[in-house]
Each structure stands twice: as C-alpha cells, then as structure tokens.
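A.B. asks: what's the 3D shape of this:
(chains A, B, C and D)
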There are 2 protein chains.
Amino acid sequence: MNRRYAIRAESRPSTQPSEEVLSVGHLMGRARASLLSRLDAELERFGLTGMQFAVLKHLADGAARTAADLSRFMQYDTGAMTRIVDRLEQRGLVRRERCRDDRRVVFLRVAPAGRAQLPRLMAVGTRVLEAHLAGFSAAEITALKEYLGRMIANGQLPPHNQPPSAGAAA
Amino acid sequence: MNRRYAIRAESRPSTQPSEEVLSVGHLMGRARASLLSRLDAELERFGLTGMQFAVLKHLADGAARTAADLSRFMQYDTGAMTRIVDRLEQRGLVRRERCRDDRRVVFLRVAPAGRAQLPRLMAVGTRVLEAHLAGFSAAEITALKEYLGRMIANGQLPPHNQPPSAGAAA
DNA sequence: GACAAATGACTGCCGAGGCAGTAATATCAT
DNA sequence: ATGATATTACTGCCTCGGCAGTCATTTGTC
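C.D. replies: Sure thing, here's the model as predicted:
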C-alpha cells in the first residue's frame, strides 16, 4: 500500500510518435468504462452503485475512517462523498458517529447489515475484475498495477511548465 | 487498429487473492482521473474539454465520420454526442453535412478552423500523456496498451454466466 | 483571551452523461 | 405495395460529480 513507484526521470519521455501515446488515453477510457458498466450492472440487484461499493469496501478494510479520508484516498469530491454516505446510511449499511475529541469529524462505521453484505459484494467485484483480466498471468497483473501506479505518481508531480516560448499566440 | 488481442482463455483467471485483483479497478480510476483532469486543465485556455478534443481528433484522422460512428467507437452516449457536436459546430470547428444517399445520416467534417487548431491541441494531449508516462520505456508503453486492449476485449465477451447455484438467496 | 487561518461536513448550483422516447428514413419480409 | 423492424439524429428527464460557499469547530498567533 505504501510502495514507492520509481520514476526514472532521467530517461526521455519515450521516443514514440504522438499518435501512439495518445491512444493510451483512449484505451484507458474504454477499459474503465467497460469495467464500471459491468460492475454497475452486476451490482444492480443489490441496489448499489460501484462507487457505493468502493466506499463500503474502503471503510471495511480500514483504508479510511471519515468522509474526508475517503475523498482524499479516492480523489473524490467531498460534496459527492457526503451524498454517497447519505445513501449508504439510509440503507443501513454504514453509521455516522460524531467524534468526541474533535467535534468536526464524523466517523463512518460499517453497520452490521453492511458487513453482512460485504462478502457477496466483494465476490461480484472480484468476478468482474477477473473477467476483464482473463488470460492475464500473475506477472502481467503485477506489471499492469505497477504501470498504473507510476502513471498516478507522475500525475501528482507538478507539470513540466514548459514555457510557451515562440509562436504560442493564436 | 485491427489487431487481434489473443485471449488465452484456457489459463485460469489468475490465482491472486481477490484484494489484489480489486485494486486494479481503483488504480484505473485514479489514473484515468489524473489524465482527464490534467487534460481538461491544459485545454481550458482553448475553451475545449477533453471529450471535445477527442471527438475532433477522431474525426480528423478518419476514425469516424458520423455521430453514430463516434458513439460506437468511443462507447459514448449518442445523446451526449449530439450535444458535444453542437458545441463544436457552434465554435466553428466542425460542420454538419447531411448525406444524400441516406438522408438519416449526417456527416461530420472538421472545419478549416478546427483543422488549424488541431496541431496545438494534439501537442497539449501528447504532452499530458507523456507527462504521465515519464520513465516508461517504449516496451512498457506497448505492454500497457496491450493489457488495456485485452481488458477491453475481455469486457466485450458475454459474462461467464456463473449459475448462482447454492446459497445465493439473501 | 481575541483574532485569523485551517479543517471537516454539508448544501445549492451547474454542467455533463445515461436513459427513454420521438421523428424521419431505410431495409426487409411477405 | 404494405407493414414490421432497424437505424440515425435528436430531445427531455434524471442522476451524479465538481465547484463554490456556509457553518461549526479546532488550531495557531499575538
């Protein structure tokens, strides 16, 4: 969870033609869309969305304890997170519990009903992922995750701030 | 563009624990979000969104000629596509042109203004992508694209339709 | 203690995508 | 030819995420 992704900044950004690099964005979008639509479809009979499931999961395995934590971890809007938690609370899957030491924070705890549902939800999520990763070796999955991790890390660096220099005025 | 992604269906879906596989979804979401937010930020001074740029690009390089083509190719809602084309047309970047043979279809053509802008837009897109792929070797980029292509292909297969069998009733 | 800045949860507003439905046109079966 | 079906573009409606602002609370500074 805390693995550092080495960024070999000294190597040039690849010498591939622009076209080839741009297609990565297209492929990422399609792969993610496929993943999400299938997940939402399978989760429909539970009355949950993929996001709601993800929130529940991260709360259950201790990745986050508050809405702010969740928003940071998932890079998600705090307002949207409030509304997602609203729904999960209405369905009795999570409970809000005001912290006594710092009365600003509201701890989110997975309610018994949520904890009971979780194994089934995890099974659905795993099934969808594995379907998309059919034919992948363990090494390939590891490589894929490493690549994505490096892309995320690269994205968090400040942009290269290449000066517009010559001829940038339209 | 027509490369077949081999799907070794005979190998088991990987013997990794569920947790590990599930994190692929999380990483994909974050990587894509990083890509898109950075792209939108850089494209803001052109008054375009990432989607609008993508549409323009696919029209320019002949990947699609109509709104329906675009929607299929990008797995995008046809209604949303109509509205995106509306904006591109308002800005004078594309032109609608009704087909004479089949009066249902409307050909989309990149207007001169759009074609003039395109190089700058492509440069922005390429820069964002390359920033996220900093430190990737050419072989790694190729592998990443191949992985994503296989995931997409897997997602288009019908779900395994695993029978609920025992104990699926909540 | 008083004030400013920061933090967390929350709310209204807006833009965008997904869905369902419509009108026009084309295709196909009979 | 006629009717059923499909396809294309397009339009409301709904939901959801992002943004900006609000309120309460905490922390830091003087």
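A.B. asks: okay, which residue is most central for chain A?
C.D. replies: Nearest to the geometric centre of chain A sits residue A:74, at 5.1 Å (Cα atoms, centre = their mean).
A.B. asks: who's in contact with it?
C.D. replies: Each residue near residue A:74 by Cβ atoms under 8 Å, 6 or more residues apart in numbering or on different chains is listed here: A:54, A:55, A:58, B:26, B:29, B:30. C-betas here are computed from N, CA, C, even on glycine.
A.B. asks: Could you export those residues as JSON lines, including secondary structure and neighbour count?
C.D. replies: As requested, the contacts of residue A:74 are arranged in JSON lines below (DSSP: H, G, I helix; E, B strand; the rest coil; neighbours: other Cβ atoms under 10 Å in any protein chain shown):
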{"residue": "A:54", "secondary structure": "helix", "neighbour count": "24"}
{"residue": "A:55", "secondary structure": "helix", "neighbour count": "28"}
{"residue": "A:58", "secondary structure": "helix", "neighbour count": "18"}
{"residue": "B:26", "secondary structure": "helix", "neighbour count": "18"}
{"residue": "B:29", "secondary structure": "helix", "neighbour count": "21"}
{"residue": "B:30", "secondary structure": "helix", "neighbour count": "20"}
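A.B. asks: Show me which of those residues is closest to DNA strand C.
C.D. replies: Among the contacts of residue A:74, residue A:55 lies closest to DNA strand C (Cβ to the nearest atom of the strand), at 12.2 Å.
A.B. asks: What separation do you get for that closest one and residue A:119?
C.D. replies: Residue A:55 is 17 Å from residue A:119, where distance means Cβ to Cβ, to the nearest Å.
A.B. asks: and if you look at residue A:145?
C.D. replies: Taking Cβ to Cβ, one finds residue A:145 at 23 Å from residue A:119.
A.B. asks: likewise residue A:36?
C.D. replies: Taken as Cβ to Cβ, the span from residue A:36 to residue A:119 is 22 Å.
A.B. asks: which one of these two has more residues nearby?
C.D. replies: Legend: neighbour count by other Cβ atoms under 10 Å in any protein chain shown for residue A:36 and residue A:119, higher for residue A:36 (17 against 9).
A.B. asks: show me the contacts for the more buried one.
C.D. replies: residue A:50.
A.B. asks: what helix or strand does it sit in?
C.D. replies: helix A:18-43 (DSSP states H and E).
A.B. asks: and that helix with DNA strand C, contact?
C.D. replies: Yes. Part of helix A:18-43 sits near DNA strand C under the criterion Cβ under 7 Å from any atom of the strand, namely residue A:33.
A.B. asks: Buried residues of that helix, list them for me.
C.D. replies: When burial is assessed from 16 or more other Cβ atoms under 10 Å in any protein chain shown, helix A:18-43 yields the following buried residues: A:21-36, A:38-39, A:42-43.
A.B. asks: where do the helices sit along chain A?
C.D. replies: With helices called from DSSP state H, chain A shows them at A:18-43, A:50-60, A:67-74, A:78-90, A:112-132, A:138-156.
A.B. asks: right, and the ones you listed - which one's nearest residue B:154?
C.D. replies: helix A:112-132 (4.8 Å; Cβ to Cβ).
A.B. asks: The closest one close to chain B?
C.D. replies: Yes. Counting by Cβ under 8 Å from any Cβ of the partner chain, chain B is contacted by helix A:112-132 at A:117, A:120, A:122, A:123, A:125, A:126, A:127, A:129, A:130, A:131, A:132.
A.B. asks: where are the low-confidence patches of chain A?
C.D. replies: A:1-19, A:158-170 (pLDDT under 70).
A.B. asks: Kindly report the residues of chain A close to DNA strand D.
C.D. replies: Residues of chain A lying near DNA strand D (Cβ under 7 Å from any atom of the strand): A:49, A:51, A:76-80, A:83-84, A:101-104.
A.B. asks: Contacts only, for the nearest residue to residue A:22 once chain neighbours are set aside.
C.D. replies: Sequence neighbours aside, residue B:125 is the residue nearest to residue A:22 in space, at 5.5 Å (criterion: Cβ to Cβ, 6 or more residues apart in numbering or on different chains). Shown in contact with residue B:125 (Cβ under 8 Å, 6+ apart): A:18, A:22, A:25, B:39, B:53, B:57.
A.B. asks: Quick one: neighbours of the last one, just the number.
C.D. replies: Residue B:57 has 18 neighbours, counted by other Cβ under 10 Å.
A.B. asks: For DNA strand C, see how far away it is.
C.D. replies: 15 Å (Cβ to the nearest atom of the strand, to the nearest Å).
A.B. asks: got a list of what that residue touches?
C.D. replies: A:22, B:118, B:121, B:122, B:125.
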